[in-house]
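[1] This is a predicted model, with the sequence first.
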Amino acid sequence: MNILFSINQKFITLTKMCISSMIRFDTDFTFYILHHDLSYESQREIIDSFPGQQFHFIFVTEESFSSFPVSNRYPLEIYYRLFASNLLPNTLDRVLYMDVDIVVINSLRNLYYTDFEDNAYCACTHVNEGLTKFNSRRLKIENTVPYINTGVLLMNLEKLRKIVNSTEILEFVNKNKNRMILFDQDVLTALYGNKTKILDYRLYNLSDRMLSLYNIKHPNEKIDIEWIRKNSVIIHYCGRNKPWKENYMGSLGIFYSELVQ
């Protein structure tokens, strides 16, 4: 299974945590890491931490993305995933991208081998119908296009090589930068949201916020930690609420704590 990360020097520890969580259930991984600043020592630290796993570090020049807006919360690396089909070897037909603020709690195999059904991506949305329409108006796209959470992306590389156009992406960013909020998610939703197969976030992109919203909306079908242990695969500590930071609030931190222990 081909796994993709896009990180900088600050995310070494979280990357190792994420890898540690997934190799508890499967061992047939090849890891591809897009970066622009990882030192040789940092690369060796990751490699030496996981004997027997295959790692490929792919250097990306910062100049290639100089036109993209960034912030403290959204560094340059968030855009690399949009161009993964051009940055990764042509021999790959699919890859599973994941943010590193993730803990895997069951095998990734069913997710990895999901049928694309001719879509470019398989992903989840964390947005309800009302916010979907708001984002559609903001991005000037059809209101039926789901707003994609880019923290977990199964990529159909063969299809993406045919449709990803760097000029189109740059033109969209430059034209819409003043209305963009979540930069890379805005781009992917606007350009490829209608080419994305939507998966169940409860299984493949569960956050504390989404767990709370689901249980409020479905009071007679609430899901608890035991249901999550049995059914969910990816716990995503997205946003600012993370169990390794002070003032964390949520029930899903138990999976991070168990991994650390």
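    That came through, no problem.
[2] backbone phi and psi for M22, please?
    Main-chain torsions, M22, degrees, to the nearest 10: phi -80, psi -30.
[3] tell me the contacts of it?
    Neighbour list for M22: I3, F29, V104, L108 [criterion: Cβ atoms under 8 Å, 6 or more residues apart in numbering]. To be clear about C-beta, it is placed using only N, CA and C from the backbone, and glycine gets the same treatment.
[4] Do you know the pLDDT at the last one?
    In the prediction, the pLDDT value recorded for L108 is 98.
[5] mind starting the numbering at 7 from now?
    Got it, the first residue is 7 from now on, which makes the last one we talked about L114.
[6] Please give me every residue in contact with it.
    M7, M28, F31, D32, L102, V239, I240.
[7] Return a PyMOL selection command for the buried portion of the residues you listed.
    Listed next is the PyMOL selection for buried residues among these, using 16 or more other Cβ atoms under 10 Å:
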select buried, resi 7+28+102+239+240
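[8] Which ones among the contacts of L114 lie within helices?
    Among the contacts of L114, the residues falling in helices (DSSP state H) are M28.
[9] burial of the closest residue to T131 other than its chain neighbours, as a residue count?
    With sequence-adjacent residues excluded and distances taken as Cβ to Cβ, 6 or more residues apart in numbering, T131 is closest to P152, at 4.5 Å. Look at P152: counted by other Cβ atoms under 10 Å, it has 20 neighbours.
[10] same check, this time on L98
    For L98, using other Cβ under 10 Å, the count is 16.
[11] Could you verify my assumption that it touches I9?
    No - counting by Cβ atoms under 8 Å, L98 does not reach I9; the two are 11.1 Å apart.
[12] hey, where'd the helices end up in the stretch 107-256 of the chain?
    115-118, 135-145, 163-169, 172-182, 189-198, 207-210, 214-223, 231-237 (DSSP state H, counting those that start in this stretch).
[13] coming back round to it: between the contacts of M28, which is nearest R87?
    Nearest to R87 among these is I9, at 12.3 Å by Cβ to Cβ.
[14] Which neighbouring elements make contact with the one helix or strand the closest one maps to?
    In this structure, I9 sits in strand 8-12 according to DSSP states H and E. Strand 8-12 sits against helix 18-28, strand 36-41, strand 100-104, with contacts defined as 3 or more Cβ pairs under 8 Å, 6 or more residues apart in numbering; DSSP states H and E.
[15] Could you pull out the buried residues of the longest one?
    Across helix 18-28, burial judged by 16+ other Cβ under 10 Å covers I18, L20, T21, M23, C24, I25, S27, M28.
[16] nearest residue to the second one other than its sequence neighbours?
    Closest residue in space to L20, ignoring its immediate chain neighbours: V106 at 4.2 Å, by Cβ to Cβ, 6+ apart.
[17] Please apply the same query to the first one.
    Counting by Cβ to Cβ, 6+ apart, I18 lies nearest to S48, which is 5.5 Å off, once chain neighbours are set aside.
[18] Does the one you found lie in a helix or a strand, and which?
    Going by DSSP H and E, S48 is in helix 46-55.
[19] Looking at the contacts of L114, which is nearest Y86?
    L102 (15.0 Å).
[20] Which residues does the helix holding S48 contact?
    So helix 46-55 is in contact with Q15, I18, T21, K22, I25, I39, Q59, F61, F63, going by Cβ under 8 Å, 6+ apart.
[21] farthest pair in those residues?
    Q15 and Q59 (20.4 Å).
[22] Those two: which is more packed in?
    Q59 (16 against 11).
[23] Next, that one: phi, psi?
    phi -90, psi 150.
[24] Provide a list of residues in contact with Y243.
    With Cβ under 8 Å, 6+ apart, Y243 has these contacts: D107, I108, V109, S213, D214, P249, L258, G259, Y262.
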